[in-house]
Each structure stands twice: as structure tokens, then as C-alpha cells.
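**Student:** model the structure of this input:
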Amino acid sequence: MPLPADFEKRLWAAADQLWTNSALPPSEYATPVLALIFLKYADHRSAEAEKRSASPRRRGGTGKDDDRAEGVLFVPEEARFGRLLQLPEGADIGKALDDAMKAIEAENEELRGVLPKTYGRFDARTLGELLEIFGTIPETVEGDVFGRIYEYFLGNFAPRALQKGGEYFTPYSVVRLIVEVIEPYHGRIYDPCCGSGGMFVQSANFIAEHQRRPSDEMAVYGVEKLEQTLRLAKMNLAVHGLSGDIRMANTYYEDIHEQVGKFDYVMANPPFNQNAVDRARLKDDRRRFPFGMPSVDSANYLWIQLFYSALGATGRAGFVMANSASDARGSELEIRRKLIQTGAVDVMVTLSSNFFYTVTLPVTLWFFDRGKARGPRGDRVLFIDARHVYRQVDRAHRDFSPEQIEYLANIVRLYRGEEPEDLHGSSKLVKESFPKGKYVDVPGLCKVATLADIEAQGFSLNPGRYVGLAGRGADDVDFKERLIALNEELERLNGEAREIEAKIAENVAAILELG
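**Tutor:** Residues are numbered from 1 along each chain as shown. As a prediction, this is how the structure comes out:
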């Protein structure tokens with residue numbers, strides 16, 4: 001969910017201070033600011049672990065062991081957020097913060113070289129105000145706090161050219177829904193465009209909620225292209241007591257984890273509609289791109305193939321994708337046809353617009369299950385239209401409540417023949433839609449289609465083609481959603497036109513050569 005409005009105002013005031021008094025360009029504010037957030041939460045989690053400990057913890061040796069046993073990052077005394085907050089007037093806050101970061105790195109191998117140590121570039125007053133502001137963040141706030149605040153800085157300071165759907169942190173409730181559907185109880189989890197690492201954090205929370213210890217159940221593998229974001233992901237994992245193999249690379253061209261068939265779970269929010277990928281460098285890599293190269297200048301179907309090929313024989317994937325990919329034509333349709341015919345496509349969920357904090361586009365969640373083809377659901381796909389399931393946070397933002405997340409995940413569980421869960425109070429919603437406790441198609445909400453049904457629809461994976469309407473009146477039509485959908489359709493048709501133009505040009509050139 002978006003940050004509380006009053007906190008946003010204070011964060012903006014702090015950003016103004018940075019703008020005026022810092023030598024850093026605005027796009028680089030996120031790293032030192034997020035490291036302060038990291039410091040606060042690491043200290044809080046360590047203090048909570050200390051309270052839970054049955055025996056007194058001693059500083060210097062066993063305190064570190066106790067923290068690791070609790071799955072918590074060890075924070076030495078000189079790096080405690082409360083101690084830094086109480087530095088006397090006139091103290092060199094920049095040096096104290098640099099020393100705190102060095103002390104944490106010295107005690108935690110996974111953070112070596114990750115934390116910023118450039119606080120001397122800020123004036124003491126600005127640093128003092130930042131510490132006070134972050135001291136007021138409630139420790140109980142849910143979700144990927146680092147990602148949300150990082151996204152806030154991106155939205156206000158990053159160049160507008162970067163503001164595409166996939167460049168941003170994935171909203172907490174969207175990540176949580178992905179996790180609930182693929183159920184990553186145990187195994188290797190991979191995110192080839194991991195951003196702030198929110199997929200890993202929510203997987204760990206899911207495991208803990210089901211009474212298991214995340215560090216015993218999950219192994220984390222990630223790729224991130226930007227060094228600044230890689231540091232953020234490592235901080236995010238560390239403060240949640242997780243470790244993983246996250247590396248900096250360009251996933252298109254570098255198979256840094258030797259990914260093919262390796263992972264039990266893949267979760268991702270790739271950059272949508274990204275162009276200028278050098279497909280000539282990829283065309284011979286049929287292991288990672290088994291269905292061939294799209295001829296259009298969009299990476300959507302490159303990412304989709306990367307997710308598919310990374311899964312083991314029984315692996316599951318869940319990822320965010322632009323709505324337009326579900327109905328894309330031409331070469332992308334041919335790739336989608338091959339993918340559908342493998343039987344791996346399991347669930348498709350369309351979301352409302354305004355879920356992303358800085359962009360309004362609606363998206364579709366895709367889910368694969370490589371083991372499904374050999375079971376009773378082998379020729380079936382579940383389509384869910386969740387565009388009318390949301391909680392209005394404010395005028396511009398929507399999310400899912402915990403109850404709604406569980407409700408949507410329970411639709412999938414019923415479709416799979418599993419028992420629904422009721423850890424977050426979704427039983428009433430489930431009973432309203434499925435009174436007999438068994439899956440049934442619900443007009444306007446969900447529909448199970450066979451491969452023959454999908455072929456009859458031109459291999460479309462757009463839930464709206466299958467689910468139908470639930471008696472919506474004309475007055476209920478969301479004009480903005482309709483306009484966005486029409487614009488996506490126009491983009492799709494323009495893409496088809498460009499493909500046809502390119503094919504005509506190729507044919508003309510071939511004829512001229514023959515002549």
C-alpha cells in the first residue's frame with residue numbers, strides 16, 4: 001500500500017533538505033536514505049529477538065550467535081539506531097553513521113561493501129532531521145518498507161524516461177498474491193529482475209506464517225542490473241534475516257545462475273514492453289528461449305520464455321506482465337501458442353489499474369505450473385477477472401486487503417482441489433462465491449477453460465475473453481479502465497502493422513534480388 005500521507009509529507013521535507021544541502025544528484029538520494037531505514041529496522045528486529053530470547057544475551061560474542069539463531073541480522077552497539085538518535089548536539093553525525101555502517105559490515109559478511117559510507121557529504125542538520133523522521137516509522141508497518149520508500153524516491157526524483165511499469169518496486173499486495181498462488185513452501189526461488197527483493201521477503205513471510213523456518217526452507221537466487229538496486233536488495237534480505245545468491249548482470253545476455261530447469265519457483269516483475277534488446281545475440285540460445293524470437297521490438301515474450309525455461313519439472317512461476325501480452329498477435333501469438341500447448345500455463349489473473357504507486361497501468365498476473373500437464377488439470381487454465389476486487393486506499397491508489405488476497409488465492413486452491421485457507425478471514429467471501437466449498441465457474445469472476453476453448457479464442461490468455469460479465473450495468477463501467485484497454489488495443493494493432501510492414505519490406509527486397 002502507499003505510505004501514510006503524513007509520513008510522505010515528512011519524507012518530502014527531508015528530500016527538500018537533501019536537494020538543497022547535498023552534493024549528491026537527486027537520483028542518488030535513495031541509497032543513503034534507505035540505509036538509514038535499514039538501520040532502524042535491523043535494530044528493531046534485533047531488539048525483538050533479544051526480548052524473545054529465553055536467556056540473557058551477552059554483547060561481544062554470543063549476542064551475534066543469538067541473533068543468527070533467531071534469523072536476525074546482528075547489530076553491534078555502536079550501530080544501534082537509538083544510540084545514533086541520541087547523539088549530543090555538535091556531534092559529527094556523518095562520521096558516526098559511516099562508522100555504524102562499517103561496524104555492521106564487519107559483523108555481517110553478506111553486507112561487505114554494500115552499505116553506503118558517504119554521510120560526511122551531508123550536513124549534520126539534514127542528517128539529524130532524517131534520523132528523527134525515520135525514528136517515527138512504526139515498526140509494525142507491513143510489506144516491503146524499503147521497496148515502498150525506494151519507489152517513492154524514484155517517483156519523485158528519477159528521470160521521467162525511467163517511469164515504465166517494470167522499472168518499479170512491485171506493490172506489496174501484488175507480491176503477496178503471487179506468493180499465495182504459487183505456494184513456495186520449500187525449494188529454490190529465483191527472480192531474474194529482483195529489484196528490491198520483495199518477492200524473496202514475502203516468500204519468507206509466507207513460509208513463517210505456515211509455521212516453518214524460512215532459512216531452513218528456501219534458497220534465494222536473484223539477478224539485478226543496477227548496482228544501486230542490488231545493494232538495496234541485499235539490505236532488504238539482511239534485515240529480514242535472509243541470505244541469498246544475488247548478482248549483478250543483464251539477464252537477457254548473461255545466464256549467470258545457469259538457470260535452465262534449475263528452480264522450484266520463479267517470481268518476477270520484469271520491465272514491460274522493453275525495446276532495443278539485441279535479439280541477434282539471443283536467437284541461438286534455444287535452451288533459455290525454447291519457443292523462438294519475437295520479431296517485434298518488445299522483450300515481453302523474452303521474459304516469459306526465461307521464466308518458463310528456468311523451472312524444473314514440477315516448478316511453478318508467477319509474474320507480472322502488461323495486459324497487452326495476453327492478446328499480442330504475430331510472432332508473439334506463435335510463441336504463446338507453443339507455450340499454451342505445453343500445458344504449463346496454469347492461472348491468469350487480471351488486476352485493476354492504479355495498483356502501482358507511480359504508474360496507473362492495469363496488469364495481468366501469469367502463473368505457470370510445469371507439473372500440471374501430467375495431472376488432471378493438464379488441459380485446463382483458470383482465468384480470474386479481479387478488476388473489481390480491490391481496496392481503495394486513496395483517490396489515486398488501490399491495493400488488496402489481506403482478506404482479498406486470501407480469497408483470490410483460495411479460488412486457485414479450489415481449482416487445484418486443495419483446501420481453502422482462512423488465516424485472514426476470507427471464509428465469508430469464499431462461501432458467497434462457492435457455497436458448496438467446491439470450485440465452480442462464477443460469471444464475471446472466474447472460468448476454467450480447456451485448451452480447445454483457448455484455441456477457439458485464437459490462443460488469447462485474456463481473462464475477459466472467458467470470464468464474461470456479472471450483470472454490470474452501464475453506470476458501473478469504469479471509463480478510465482475502458483480508455484486504458486482501448487489504448488492497449490491500439491498499441492497492439494500498431495505493433496501488428498509494424499510486423500506486416502517489415503514482412504512486406506523483406507518480401508520486396510527478396511523479389512528485387514531475384515529480378
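**Student:** where exactly do the helices run in the stretch 301-450 of the chain?
**Tutor:** 330-341, 402-415, 427-433 (DSSP state H, counting those that start in this stretch).
**Student:** quick one: mean pLDDT for the second one?
**Tutor:** Here the mean pLDDT over helix 402-415 is 97, rounded to a whole number.
**Student:** ok, and what's touching it?
**Tutor:** 173, 176-177, 180-181, 347, 349, 367, 377, 382, 384, 386, 389-391, 400, 419-426, 429-430, 433-434, 437-439, 445-446, 448 (C-beta atoms under 8 Å, 6 or more residues apart in numbering). C-beta coordinates here come from the backbone N, C-alpha and C atoms, glycine included.
**Student:** can you select the buried ones from these in PyMOL?
**Tutor:** Buried residues within these, by 16 or more other C-beta atoms under 10 Å, are selected in PyMOL with:
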select buried, resi 173+176+177+180+181+347+349+367+377+382+384+386+389+390+400+420+421+424+426+429+430+434+439+445+446+448
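**Student:** before we move on, back to that, reformat the helices of the stretch 301-450 of the chain as CSV; add distance to Lys262.
**Tutor:** Shown next, in CSV, are these (distance: least, C-beta to C-beta, whole Å):
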stretch, distance to Lys262
helix 330-341, 19
helix 402-415, 25
helix 427-433, 35
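**Student:** Leu34: which of those is closest?
**Tutor:** Minimum separation from Leu34 across the helices of the stretch 301-450 of the chain (C-beta to C-beta) falls at helix 402-415, 25.5 Å.
**Student:** relative to Ala299, which of the helices of the stretch 301-450 of the chain is closest?
**Tutor:** helix 330-341 (10.9 Å).
**Student:** chain center to the closest one, what's the gap?
**Tutor:** On the basis of C-alpha atoms, centre = their mean, to the nearest Å, helix 330-341 sits 25 Å off its chain's mean C-alpha point.
**Student:** list the buried residues in that helix.
**Tutor:** Those would be 330-336, 339-341, for helix 330-341 by 16+ other C-beta under 10 Å.
**Student:** where does the prediction get shaky in the stretch 251-400 of the chain?
**Tutor:** By pLDDT under 70, the weakly predicted segments of the stretch 251-400 of the chain are 357-359.
**Student:** and the strands in it?
**Tutor:** Using DSSP state E, counting those that start in this stretch, the strands of the stretch 251-400 of the chain run over 263-268, 311-322, 345-351, 363-369, 380-386, 391-394, 397-399.
**Student:** so what touches the third one?
**Tutor:** So the one you mean is strand 345-351. 174, 177, 181, 316, 323, 326, 339, 362-369, 372, 377, 381-387, 390, 408, 412, 415, 461-464.
**Student:** give me the neighbour count for Leu469.
**Tutor:** By the measure other C-beta atoms under 10 Å, the count of residues near Leu469 is 10.
**Student:** didn't it look like it was pressed against Val442?
**Tutor:** No: applying C-beta atoms under 8 Å, one finds Leu469 not in contact with Val442, separated by 11.5 Å.
**Student:** which ones are touching the residue nearest the centre of the chain?
**Tutor:** For the chain, Thr170 is the residue whose C-alpha lies nearest the centre (C-alpha atoms, centre = their mean; 3.9 Å). Thr170 makes contact with 147, 195, 198-199, 269, 320, 356, according to C-beta under 8 Å, 6+ apart.
**Student:** residue ranges with poor pLDDT in the stretch 1-150 of the chain?
**Tutor:** 1-5, 8, 12-15, 17, 21-30, 53-71, 140-148, 150.
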